[in-house]
Structure formats: C-alpha cells, structure tokens
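Student: here is a sequence together with a model predicted from it:
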Amino acid sequence: MLNASVPTAAGASQAHGRVILAASLGTGFEWYDFFLYGSLAAVISKQFFAGVNQTSAFIFALLTFAAGFAVRPFGALVFGRLGDLVGRKKTFLATIIIMGTSTTLVGVLPNYQAIGIAAPMMLIALRMLQGLAIGGEYGGAVIYLAEHAPPSLRGRYTSWIQTTATLALLLSLLLILAGRAALGAAFESWGWRIPFLISVVLLVISVYIRLQLAESPVFQQMLAEGSTSRAPLRDAFSDSANLKRILSVLLGATAGMNVIWYGGQLYALYFLTQVLKVEPQRASVLLAVALVIGTPLYLLFGRLSDRVGRKRLIMLGMALAATTYFPIYRAITHFANPAIEAAAQRAPVQVLAAPSACSLQFDPVGRHHFLGSCDIAKGALARAGVPYNTEPTAPGSVARVRIGRPDGAAIEVPAFEGAHLTAASFREESAAFATRLDRALRAAGYPVNADPAAMNCPMVVLMLFILMVYVTLATAPMAAWLVELFPARVRYTSLSVPYHIGAGWFGGFMPAVAFTLVALTGDLYSGLWYPVIVAGVTVVAGVCLLPETAGPAVRASGRSFRCGLSS
C-alpha cells in the first residue's frame, strides 16, 4: 500500500487554500459552461428546433442537453487514462480548454432559420465536445484536491469542489436573469448568446489559474517510485476486485446521487416553467434564492462526513428524496400554481381515444410528425400544462377532450385527423382546435400561466430548499468517498467512469425522460418515478455493496482506504 506524504493541516493551510481555490474555480467555470444550455433549454428549442412541433422541440432540446451527458463516460475513459498516465494537472488543463472553446462557439452558432438542419447538428456536436471535456474534468479536480488534503480533512476540502456545480448553475441563472431584465424580448432572439460568449473570459481566467498549479503529491511520489500505471484501462478493468468496486460505485452511489442532484435543481426549474407555467424569470429567482440558502450545506455536510462517515450521509440524502419527492412536488404545485390544482379537482380532463391511435410522442431526431387525433389532443394538453387521464373508445373514432364542469356537466372538444391534410390545412385545423380547447379550458378554470398574486413564494422557496438539503446530503461527501475507494495508480480512470455513467446516463437523461412520461400519461408527477426508482435502487445497492471509508467505524476497526493505494 502506497501512502502519500501529505502535509499536516496546520503546516500547509495556506498552500491548501490555494489548491482549493484553483481547483474549485476552474471546475466551477467548466460547470457554468455546461449548465448554460440546461438553463436556456426553452429558448434554444425555439432557436434551433423550429422545424418540429412545440412538444417535440422542447424534448429535442432536452435530448441535446443530454447528448453532452451521453458522451461523458467516453470522456472519462479518454481523460481518465491520460490522468493516470501523464498526471492530474495536465489532463484537467486540457479539458477546460476544450470546454471553454466549445461553449464560446455556441454563442456564435447560426440558428435554424439561418442554416436549417445544420444548426441543430452543429449544436449537438459542440454539446458532445463539452461532454467529453466534463468527462475528464470532475475526476481530475477532485482527485487533485483530495491528494493534497490531510486524510482527516478530506471531506471538508473536497466539499468545496462539490459546491461548484450548484454555484455554476446559480451563476448561469443570475446572468440570464440580468440579460432578460436588461434586454427584454431581445434576449429571446439574440441576447441569450451573451452568457455563452462570456465563457471566453472565464476560459482565460481558468487556464491562468491552472497553469499556476503543481502536480499532486501522490502522483509525484508514484513517478519517483516508478509505480504509475502504464496501461490504466487494462489495470482498472482487468483487476476483478477493482472492476467490482467500479460497478458497485455505479449502482450504489453515482446513479442515485446524480438523479437526486438533477431532480432537486434543474428538473425543479423545468417543472416550474414548463409544467406549472411560472414565468421563467420568476422561477429562476425562486430557484436562485433556494440555491443561495442551501449551498453552504455542502461545506457543512462535507465537514460532518470526516467525523461520522461518508456513506451514511449519502444514503440518508437519497433515501429521503426517494420517499418524499412526490409530496414535495405536489406541494410545489399547490404553492406555485394553485389554480391548476383546483381546476383539476373541479373539472378533470380526459382524452377519449382508441388506445391503438395514441403513440409515444418521443422523437429524438425531429423527423416524425404526430398527425393522429389522439396525439394532437395529448400534445395540446401537455403544452398547456393540463393534467389528464386517457379513456379508451372504439377503434377508428376521432379523439375528443372531455372537460368536466363544476355543475357536473362536461364539455367535449373533438380533435381532428391530420394525416391526409396538406401542411397549410393542418396548420389551420391546429389553430382552430387550439382556440376551441383553450376557450373550454379557461371556462373550466384552467389558467394560461401561473398567477403571481396567487403564488406563495416563501413556501415555494422552502420546498426548493428541502430539495437542496437532499442534494447536499447526497453530494457533499461523494468526492472524498470516491477518491478513498480506489487505488491511486488507476484512481483517475476508476473514479471517472462510474461517476460519469451515473451523471451522463442516469442524471443527464432525467429531464427528457421525465417530460416524456408526463406528456405520455398526462400526470404532472409521473416523471418523478424515474429519480425515485433509481435513488431507491442505489440506496439498497450502496448499503449492501460499498464500505465506509471515514468516521468512527473505520477508525475503530483500523481499516483505512484513505491514503494512497487502498487494499
């Protein structure tokens, strides 16, 4: 077992402070680049996916957001290998250059109206470059910082890294709020590009900061002893014990942690704006307030994990989220848009359609047009943020939307079959159907948008803050726990791959999957089944498969996974 010689906390506080600042700032800037797209998904869907219907456009925009996540595990393989071969510093310096350049280019990319289908294709390509860069960034930053930290303070130090994603999301929201306030309607047409272009400044700052860093002491010691891995991928995945740890970390830690992170922050923003129809600027302010209040909890729980252990805090956060997401999101609806809740109780909505005529409105390439009457009816209700149930009718019948009335009567609004209509006729029929449906929904008390006067903003912030508590519990100790679970010679590769599969293939696809489930079922909360199930499975797997690496249980047993190569 290789034990890295790290300075004591008392003798190296100033040096450690510089390392924390450098690693955290660089990572924060990189997450800022990545989350700009998520924060502006609704705007970008109009700019780059104007050739498809509104429901598909927003889902397509979310999938483009997810495309950056889909390639993150591959970035973890590429840059994880480099990090174990040539060092932590050089690798995450390369990742930030790729990220900053890609983000800046998004700010100058022509939209769909200018160059057609080439626009979304180029956007997806840049998102994939961002995903590759992030795939190497996180592992390098947390390992670099953890390998500088005294073992007894590793949770405290690495919790600074864990704050960066939330702070980056907050920064992106604040800049977007400022842009909307300053530019008004112009922000939707061209002002959205400004936050992306600002990335060039952040890129210069981040590169300068990282150029000042020295290599981590653990990697320097391995170089001096000649114990670095010459084939990190082979060494990481051919060792059965290490491969078991990688799979255990994915199933018992990173998958659940990432769906809780996105479920408590980005999905909350989507839920407010797209489902509850809260005005985007107001929703961003509410989330920003919750983020400001909740972010210090990262540091609190990171420090606490050095005393009581990492595993118990992480599992607690995921278990609480899995058991309380549904009531919390129902409370968000109650406090943010009570008119939807009241209207759904007084005047429930049903789509009467032949089951075989209803399709899964999930079109990742934007080539399919949903022309059946059932799809037209469901798409219109989903866009309006109106919950509904589906009732079967005879095959071949035209779908109808039935809206109950407080007096017990009901209004039926027939949809139409669009398969045999010309494009112009389809647009005319769609507009006429939308007008009839809108008039019936308003008569039944369904609001067009959330009423600011009826909104209980303090209670909405409280619900968002509770989600942040779960996020910080599950996330704050995670970096230290992952570093401590893997041997130093293949740590970059071993840590990065399960983390970014969890983030990319579980967390990243959450918004698209959740919104598709809502559009499919008509239930505003059906999308929550995804994070609840993933988090629940992760808790069971984590309790059964993964060890504690810090806290009194480890100290009492004499076991230690915390320095150098773990046994």
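Tutor: Good, I have the coordinates.

Student: so which residues of the chain form strands?
Tutor: Per DSSP state E, the chain carries strands over the ranges 349-353, 389-392, 400-404, 410-414.

Student: could those strands go into JSON lines alongside mean neighbour count and distance to Leu269?
Tutor: C-beta coordinates here come from the backbone N, C-alpha and C atoms, glycine included. Output for those, formatted as JSON lines (neighbours: other C-beta atoms under 10 Å; distance: least, C-beta to C-beta, whole Å):
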{"stretch": "strand 349-353", "mean neighbour count": "22", "distance to Leu269": "25"}
{"stretch": "strand 389-392", "mean neighbour count": "14", "distance to Leu269": "27"}
{"stretch": "strand 400-404", "mean neighbour count": "21", "distance to Leu269": "28"}
{"stretch": "strand 410-414", "mean neighbour count": "16", "distance to Leu269": "31"}
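
Student: so which of those strands is nearest Pro477?
Tutor: Nearest to Pro477, of all the strands of the chain, is strand 389-392, at 42.2 Å by C-beta to C-beta.

Student: ok, Ser356 - contacts?
Tutor: Ser356 makes contacts with Pro395, as judged by C-beta atoms under 8 Å, 6 or more residues apart in numbering.

Student: mind listing the helices for the stretch 301-450 of the chain?
Tutor: All helices of the stretch 301-450 of the chain, identified by DSSP state H, counting those that start in this stretch, fall at 310-336, 338-346, 373-384, 423-443.

Student: which of these has the highest mean neighbour count?
Tutor: helix 373-384 (a mean of 23; mean count of other C-beta atoms under 10 Å).

Student: report the distance from that one to the chain centre.
Tutor: Helix 373-384 has its C-alpha centroid displaced from the chain centroid by 26 Å (C-alpha atoms, centre = their mean, to the nearest Å).

Student: what is it packed up against?
Tutor: The helices and strands touching helix 373-384, judged by 3 or more C-beta pairs under 8 Å, 6 or more residues apart in numbering; DSSP states H and E, are helix 54-70, strand 349-353, strand 400-404, helix 423-443, helix 510-521.

Student: got a markdown table for those, with distance to Met463 and mean pLDDT too?
Tutor: A markdown table is the format used below for these (distance: least, C-beta to C-beta, whole Å; pLDDT from 0 to 100):
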| stretch | distance to Met463 | mean pLDDT |
| --- | --- | --- |
| helix 54-70 | 23 | 63 |
| strand 349-353 | 25 | 92 |
| strand 400-404 | 28 | 92 |
| helix 423-443 | 26 | 89 |
| helix 510-521 | 17 | 76 |
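
Student: go ahead and confirm Pro392 touches Cys358.
Tutor: No: with contact defined as C-beta atoms under 8 Å, Pro392 does not count as touching Cys358 (9.5 Å).

Student: that older thread, in a markdown table: the strands of the chain, plus distance to Gly372.
Tutor: What follows is the strands of the chain, written out as a markdown table (distance: least, C-beta to C-beta, whole Å):
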| stretch | distance to Gly372 |
| --- | --- |
| strand 349-353 | 8 |
| strand 389-392 | 13 |
| strand 400-404 | 13 |
| strand 410-414 | 13 |
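
Student: so Ala22 makes contact with Leu211?
Tutor: No: judged on C-beta under 8 Å, Ala22 makes no contact with Leu211 at a distance of 9.6 Å.

Student: show me the shaky parts of the stretch 401-550 of the chain.
Tutor: Under the criterion pLDDT under 70, the flagged ranges of the stretch 401-550 of the chain are 405-408, 515.

Student: how close does the residue nearest the centre of the chain sit to Met463?
Tutor: With distances taken as C-alpha atoms, centre = their mean, the chain has Tyr262 as the residue nearest its mean C-alpha position (3.7 Å). Separation of Tyr262 from Met463 (C-beta to C-beta, to the nearest Å) stands at 16 Å.

Student: what sits against the residue nearest to the centre of the chain?
Tutor: Tyr262 sits in contact with 507-508, 510-511, 531, where contact means C-beta under 8 Å, 6+ apart.

Student: now, the most widely separated pair of the residues you listed?
Tutor: Gly508 and Pro531 (12.4 Å).

Student: which one's more surrounded, Ala22 and Leu211?
Tutor: Ala22 (21 against 10; other C-beta atoms under 10 Å).

Student: so what's Gln489 closest to, chain neighbours aside?
Tutor: Gln isn't right for residue 489; it's Arg. Nearest non-adjacent residue to Arg489, counting by C-beta to C-beta, 6 or more residues apart in numbering: Ser229, 4.5 Å away.

Student: wait, I meant Met222
Tutor: The nearest residue in space to Met222 (C-beta to C-beta, 6+ apart) is Thr228, at 4.7 Å.

Student: picking up where we left off before, the residue nearest to Arg489 contacts Asp84, doesn't it?
Tutor: Yes: Ser229 is within contact range of Asp84, at 5.2 Å (criterion: C-beta under 8 Å).

Student: of these two, give the one with the bigger neighbour count.
Tutor: Comparing Ser229 with Asp84 by neighbour count (other C-beta under 10 Å), the higher total belongs to Asp84, at 30 against 20.

Student: contacting residues around the more buried one?
Tutor: With contact taken as C-beta under 8 Å, 6+ apart, Asp84 is in contact with 228-229, 232, 489-493.

Student: pLDDT weak spots in the stretch 51-200 of the chain?
Tutor: In the stretch 51-200 of the chain, residues with pLDDT under 70: 51-67.

Student: quick one: the helices in it?
Tutor: Ranges of helices within the stretch 51-200 of the chain are 54-70, 72-86, 88-106, 112-115, 118-146, 154-183, 186, 193-197, 199-211, based on DSSP H, counting those that start in this stretch.

Student: redo those helices as TSV? Include distance to Ala423.
Tutor: As requested, the helices of the stretch 51-200 of the chain are exported to TSV (distance: least, C-beta to C-beta, whole Å):
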stretch	distance to Ala423
helix 54-70	16
helix 72-86	39
helix 88-106	31
helix 112-115	17
helix 118-146	20
helix 154-183	34
helix 186	30
helix 193-197	31
helix 199-211	39
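
Student: so which of those gets nearest Gln47?
Tutor: Closest approach to Gln47 among those (C-beta to C-beta): helix 112-115, 6.7 Å.

Student: could I get the buried residue list for that closest one?
Tutor: Neighbour-count burial for helix 112-115 flags Tyr112 (criterion: 16 or more other C-beta atoms under 10 Å).

Student: can you list contacts of stretch 389-403?
Tutor: Residues from elsewhere that reach stretch 389-403 (C-beta under 8 Å, 6+ apart): 347-358, 372-374, 376-378, 380-381, 388, 410-417, 437, 440-441, 444, 521-522.

Student: ok, now which ones touch Val292?
Tutor: Contact partners of Val292, counting by C-beta under 8 Å, 6+ apart, are Leu170.
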